[in-house]
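> what follows is a predicted protein model with its sequence.
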Amino acid sequence: MDLMIRGYCEEDFPGVSALERENTAGDCKPEVFIRQAGVLFADTFLVAERDGRIVGYTIGALVQRQPATGWIVRLVVAERYRRRGLGGDLVAAVTGSLRERGAGEVYLSVSPSNHAARALYEKYGFRETEFFPAYFGEGADRHILRRDLDGREGLIRPD
């Protein structure tokens, strides 16, 4: 797969919004989120592109406290590109970007029912730190996972 991971730009808005609509349930307007994320997380909003088409993206956030902490806010891979290593490439890219910006650790939340995502994150060194019932409201429980970024492990893929 000829793939490029790069920073989000304004021209990506339609493709990323379409991908988000495919992966968001309910009446949420993903365009609002994508537009704001493009401004708020400009340095850590990454897209995966293949043949000029957006096939995945990830958004990282850096909390500037001592030590700095990163969050993977969102990670989406188009259905037809799943289980090909693209999710792992995006995890490695965003954790590397957060590490370069000073993060010593990275957190994320994952649904208890999303076993594939949980396995992916654990493969990249994330471990559960907490469980929150109704984290995003009733019926939206989440596991909070954490990964230490000391050393170079934030920049490389696991074997």
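Right, received. Where do you want to start?

> so for residue 78, what's the nearest residue that isn't a sequence neighbour?
The spatially closest residue to residue 78, leaving aside those adjacent along the chain, is residue 55, at 4.7 Å (C-beta to C-beta, 6 or more residues apart in numbering). Glycine gets a C-beta too; all of them are placed from N, C-alpha and C.

> please enumerate the strands of the chain.
Secondary structure of the chain (DSSP state E): strands at 4-7, 45-50, 53-63, 68-77, 103-110, 127-132, 142-148.

> just checking: what are the partner strands of the fifth one?
Put plainly, it is strand 103-110. Taking DSSP bridges as the criterion, strand 103-110 forms sheet pairs with strand 68-77 (parallel), strand 142-148 (antiparallel).

> what about residue 60, distance to residue 103?
8 Å (C-beta to C-beta, to the nearest Å).

> shared neighbours of the two, anything?
residue 70 (C-beta atoms under 8 Å, 6 or more residues apart in numbering).

> I figured residue 38 was touching residue 17, is that so?
No - counting by C-beta atoms under 8 Å, residue 38 sits too far from residue 17 to count as a contact (10.4 Å).

> about what we covered before: the residue nearest to residue 78 contacts residue 82, doesn't it?
No - Residue 55 lies out of contact with residue 82 (C-beta under 8 Å); the separation is 9.9 Å.

> more neighbours: which of the two?
When residue 55 and residue 82 are compared on other C-beta atoms under 10 Å, the one with more neighbours turns out to be residue 55, at 22 against 14.

> residue contacts, the residue most central in space within the chain?
When the chain is reduced to its mean C-alpha position, the nearest residue by C-alpha atoms, centre = their mean turns out to be residue 75, at 3.2 Å. Contacts of residue 75 were listed using C-beta under 8 Å, 6+ apart, and they are 56, 57, 58, 59, 87, 90, 91, 94, 108, 117.
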